[in-house]
Structures are given as structure tokens and as C-alpha cells.
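Student: No sequence on hand, only this structure:
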């Protein structure tokens, strides 16, 4: 298979086998019939504190942002999360 062949030239065989399954599953997840695959729907996040064999596909959102204030709780349950693709910071507009 093309994916496995490409990955085995860059990675150890054990990792290449695992990544082949992950990459194939990711592409099949976002694939729509009769349309080209939109690769902007896949994001690779490098987590430097993990081992290469701990790599896995997450079908959904990964929030790896951390606390913004020391008083923020470390864990919450049964919460709602709002995901925005806009800045919430106040920006001073220029007047010409």
C-alpha cells in the first residue's frame, strides 16, 4: 500500500505500521463521496512529552491549551465548551 511504503522510508517499521492505520483511518473519516479529500480537516499536533508509539487518532477536538490563571480549576465535569475561530482580545482601531 502506498501509505505504508511512504512511511517505512521515514519511520521505524513498528511506528510506520501504526501510523499507516492512523493515516488511513483519518483520511477515510473526512472523505466525502465524489469530492476530493480536504486535508485542511486534519491537523497534526506534536506532543513532545509522549513516545512515538503513543501516537493515536483523535476523532474530534483536542484542547491542549492549559490554564490561563493560577486560580483556574485543574478539572471540571459536565461543562459546555465554546469553540471560536475569532479573536476575543480587544483591538484598538485606527482612526484616519
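Tutor: Yep, it's here. For clarity, every value in this text was computed on a predicted model and none was experimentally measured.
Student: Packing partners of the longest helix seen in the chain?
Tutor: Ranked by number of residues, the top helix in the chain under DSSP state H is helix 13-30. Packing partners of helix 13-30 (3 or more Cβ pairs under 8 Å, 6 or more residues apart in numbering; DSSP states H and E): helix 2-8. From N, CA and C alone the C-beta is placed, and that goes for glycine too.
Student: average pLDDT for the helix it packs on?
Tutor: Across helix 2-8, the average pLDDT comes to 90.
Student: ok, now stretch 31-49?
Tutor: Mean predicted lDDT for stretch 31-49 stands at 80.
Student: how far does that stretch sit from the chain's center?
Tutor: Distance, stretch centre to chain centre, for stretch 31-49: 8 Å (Cα atoms, centre = their mean, to the nearest Å).
Student: Reduced to three states, what does the residue nearest to the spatial centre of the chain come out as?
Tutor: When Cα atoms, centre = their mean is applied to the chain, the residue found nearest the centroid is residue 43 (4.2 Å). Secondary structure assignment for residue 43 (DSSP: H, G, I helix; E, B strand; the rest coil): coil.
Student: picking up where we left off before, residues in contact with the longest helix of the chain?
Tutor: For helix 13-30, contacts defined as Cβ atoms under 8 Å, 6 or more residues apart in numbering pick out 1, 3-4, 7-8, 10-11, 37-38, 41-42, 52-53, 55-57, 59.
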